[in-house]
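Peer 1: Got a predicted structure here, sequence first:
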Amino acid sequence: MMQDKEVVRRILAGDTESFRLIVERYQRPVVRVVRNITFDGQACEDIAQEVFLAAYRKLSSYDPARSSFSTWLFTIARNKSINALRKKKAVPRGAPPDRSMVRAPQDELVERELLDELDSRLRRLPARQRRAFVLAEFEGLSYEEIAQIERTKTGTIKSRISRAREKLKSAIRQFSGET
């Protein structure tokens, strides 16, 4: 598999067809990031297209010495998602992230209730905590990469993620009847 740097080099050299490799490689992660920031299952595909269009237009500004390509691309996804939320100004509602497991109906019901509660709590997290948590837990980015995307210090990201985790753990404890 061709490395991102090589694909970018080829695109900038005029092989625009190579951008398809970028889209194929990052389409699902970008859509997940957008969905988990905006909670808008319908608009996330459109926003993701905007992300790739912006990335293509700004590709010459990508500097591999400053960050990995994925960090650069997820920064664009973050910014486009925030802009979409600002335009919408409504409380984001949408389909929760995809989950599939075969279980007994009563187990599915309990799990669905817990997941609904967690989704609700995730939506209510402050935007900065939610974005950091989503990038760490759903996209598997490092604290350093998230700090670059969010344009802040690594310690701040650690704190945001820690606070988000604690709030979500609290939801689980309340749901299960623990104190």
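Peer 2: All right, it came through fine.

Peer 1: Where do the domain boundaries of this structure fall?
Peer 2: 1-95, 97-179 (automatic domain parsing).

Peer 1: could those domains be laid out in CSV, adding mean neighbour count?
Peer 2: For every residue, glycine as well, the C-beta is placed using N, CA and C. Below are the domains of the chain laid out as CSV (neighbours: other C-beta atoms under 10 Å):
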stretch, mean neighbour count
domain 1-95, 16
domain 97-179, 15
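
Peer 1: For residue 80, see how far away residue 60 is.
Peer 2: Look at residue 60 and residue 80: by C-beta to C-beta, to the nearest Å, they are 19 Å apart.

Peer 1: Least confident of the domains of the chain, on average?
Peer 2: Confidence, taken as mean pLDDT, is least for domain 97-179 of these (a mean of 81).

Peer 1: what's residue 153 sitting at in phi/psi?
Peer 2: phi -80, psi 150 (degrees, to the nearest 10).

Peer 1: other SSEs contacting the top helix by length along the chain?
Peer 2: The longest helix of the chain (DSSP state H) is helix 154-176. If you count contacts as 3 or more C-beta pairs under 8 Å, 6 or more residues apart in numbering; DSSP states H and E, helix 154-176 packs onto helix 105-124, helix 127-133, helix 143-150.
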